[in-house]
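J.: Dropping the sequence and predicted coords here.
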Amino acid sequence: MDEQKLIAFFKDLHAHPEVSGSEFRTTAKLREALEAAGVRILPSGLQTGFVAEVGGQRPGRVIGLRCDIDALPVSEESGLPYASQTGGVMHACGHDFHAAALLGAALLLKEREAELAGTVRLVFQPAEEYGNGAQAVIATGLTADVQEFYALHTYPPFPAGTLGIKEGPVMAAPDAFHIRIRGRGCHGAQPHKGISPVPAAAALTLALQSTTGLVVDPFSPAVVTVTHLSAGNTWNVIPESALVEGTVRTLRGEDRAALRERIAAAAEGCAASYGCTAEFEWEDGPAAVVNDAALCGAAKALALQMGFTVARQEDTMSSEDFSVYLAACPGVFIRVGTGGGYPNHHPRFTADPAALWPASRFLARLALERCAAE
Ligand SMILES: [Zn+2]
Ligand SMILES: [Zn+2]
């Protein structure tokens, strides 16, 4: 495979996006390309996505490279000649780019397999956007011996040729809360005969705006956002209950625990002060992605040596389930400049194909170097 063929492969994936858990065609195309080059696909039992391997003939370290392969339920408006042919589904986060980049890296590594001291485990992960793809891969046991993990992610603010490599937290833990406030419904003209949950939900929404300031160190970023507030369905009836939902984003485990506790207490307190009760539900997302400082140094040195510009990406409270792999070993989540001018998940998001081949070369070189590292 050469650069032009890899770009054609990427465009084909882009034209045929599949949402989380349905990546059947994508999986088949990737497997086919790898098997044609003699790359081993490991038996995993995964319905979509898979784990492949290069090396393993000579003793050395085990390095993991991970990409994700799923698309989003977004209607594409990019105007590209290779735009999505599936209505309402689009590779709006660039996971087609990640998959093609890792395919390219696998084929480059295969060419140099004889000189590879160690093993490179290649994870083509399903269901990053709306699923438990990383968990499913971990459950196969095929990554248990990986000593370092690396992943790339598209990054519109940087042009092709620039990599964002930053030590420390680069993605947040995204948790969700759902609070049901229960009162007692009645006629809108007789509020004293019922218990309205509406003022309690309103008070709680305002109270949640100040929770981070109460329990989180001002030097530690944290977000509490109410995103969904609903109660009642007409103008003259006091409803039985109200719903307050939102997301909490944190970079540190202690902030996560403190906010959970404070939001639960606020729900109970606000509800009680209006004569209502609250049912609090919390849903843990993946942990924050924290890049290893020493490994960032090695990746940066290689990037500069290969002629990339290395920059620090902007801080973000978005999330990524790559952290699931980093719970077991250190690693780096690298942003690859793909230009385009529209953010990830936007209907006009694009990833510059010029960034693809260099990304494959970088991943392959990084894996070779890290396999041989002390
Ligand atoms: Zn995404
Ligand atoms: Zn993504």
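T.: The structure has been received and is ready for your questions. Ligands and ions are numbered 1, 2, ... in the order given.

J.: which SS class is the spatially most central residue of the chain?
T.: Centroid check for the chain by CA atoms, centre = their mean gives residue 320 as the closest residue, at 2.3 Å. Following DSSP: H, G, I helix; E, B strand; the rest coil, we place residue 320 in the coil state.

J.: ok, now residue 109?
T.: Once three-state DSSP is applied, residue 109 turns out helix.

J.: pretty sure the residue nearest to the centre of the chain is in contact with residue 333, am I right?
T.: Yes. Counting by CB atoms under 8 Å, residue 333 is a contact partner of residue 320 at 6.6 Å. Every C-beta, even on glycine, is put in place using the N, C-alpha and C of the backbone.

J.: Residues that sit against both of these two, list them.
T.: 153, 171, 289 (CB atoms under 8 Å, 6 or more residues apart in numbering).

J.: Please tell me how far the second one sits from residue 28.
T.: As for residue 171, its distance to residue 28 is 30 Å (criterion: CB to CB, to the nearest Å).

J.: coming back round to it: for the residue nearest to the centre of the chain, which non-adjacent residue is closest in space?
T.: residue 171 (4.5 Å; CB to CB, 6 or more residues apart in numbering).

J.: does residue 280 count as helix, strand or coil?
T.: strand.

J.: That one against residue 179, yeah?
T.: Yes. Here residue 280 reaches residue 179: they are 5.5 Å apart, a contact under CB under 8 Å.

J.: check contacts around residue 361.
T.: Applying CB under 8 Å, 6+ apart, the residues contacting residue 361 are 104, 105, 108, 306.

J.: are any of those buried, and which?
T.: Buried by 16 or more other CB atoms under 10 Å: 104, 105, 108, out of the contacts of residue 361.

J.: which helices and strands sit right next to whichever strand or helix holds residue 60?
T.: Per DSSP states H and E: residue 60 is located in strand 58-68. In terms of contacts (3 or more CB pairs under 8 Å, 6 or more residues apart in numbering; DSSP states H and E), strand 58-68 is packed against helix 95-111, strand 117-125, strand 148-155, helix 356-372.

J.: at 10 Å instead, please
T.: strand 50-55, helix 95-111, strand 117-125, helix 133-139, strand 148-155, helix 323-326, strand 331-337, helix 356-372 (3 or more CB pairs under 10 Å, 6 or more residues apart in numbering; DSSP states H and E).

J.: Give me the contact list for the fourth one.
T.: By that I understand helix 133-139. 20-21, 23, 44-51, 64, 66, 68-70, 123-128, 132, 143-144, 286, 320-328 (CB atoms under 10 Å, 6 or more residues apart in numbering).

J.: For the host helix or strand of residue 224, give the mean pLDDT please.
T.: Counting by DSSP H and E, the element that carries residue 224 is strand 222-231. Taken as a whole, strand 222-231 carries a mean pLDDT of 98.

J.: for that strand, which positions count as buried?
T.: 222, 224, 226, 231.

J.: what do you get for stretch 232-247?
T.: Applying 16+ other CB under 10 Å to stretch 232-247 flags 232, 238, 239, 240, 241, 242, 244, 245, 246, 247 as buried.

J.: likewise stretch 313-320?
T.: Neighbour counts using 16+ other CB under 10 Å place 313, 317, 319, 320 of stretch 313-320 among the buried residues.

J.: Now for the last one: which residues touch it?
T.: Put plainly, it is residue 320. Counting by CB under 10 Å, 6+ apart, residue 320 makes contact with 68, 93, 128, 134, 151, 153, 170-172, 174, 285-286, 288-289, 333.

J.: again with the third one
T.: Neighbouring residues of residue 319 by CB under 10 Å, 6+ apart: 171, 172, 173, 174, 175, 247, 249, 285, 286, 287, 288, 289.

J.: ok, what's across the strand from the third one?
T.: Counting by DSSP bridges, residue 173 is bridged to residue 250.

J.: How many residues are close by it?
T.: 23 (other CB atoms under 10 Å).

J.: CA-only coordinates of stretch 51-61 in CSV, if you can.
T.: Provided in CSV are the C-alpha atoms of stretch 51-61 (Å, rounded to 0.1, in the frame of the first residue of the first chain):
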residue,chain,number,x,y,z
VAL,A,51,-7.2,-6.7,17.4
ALA,A,52,-4.3,-7.4,15.1
GLU,A,53,-0.6,-8.0,15.7
VAL,A,54,2.8,-7.5,14.1
GLY,A,55,6.1,-8.8,15.4
GLY,A,56,6.3,-11.2,18.3
GLN,A,57,9.1,-13.3,16.7
ARG,A,58,11.9,-11.5,18.6
PRO,A,59,11.7,-10.8,22.3
GLY,A,60,11.0,-7.2,23.3
ARG,A,61,8.3,-5.0,24.6
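
J.: any idea of the mean pLDDT for stretch 111-124?
T.: 96.

J.: What is the end-to-end distance of that stretch?
T.: Start-to-end span of stretch 111-124 (CA to CA, to the nearest Å) is 20 Å.

J.: how far does that stretch sit from the chain's center?
T.: 25 Å (CA atoms, centre = their mean, to the nearest Å).

J.: hmm, back to that, tell me the one among the buried residues of stretch 232-247 nearest to residue 33.
T.: residue 247 (37.5 Å; CB to CB).

J.: Confirm for me that the closest one is in contact with residue 222.
T.: No. Taking contacts as CB atoms under 10 Å, residue 247 lies outside contact range of residue 222: 11.3 Å.

J.: Thanks a lot, catch you later.
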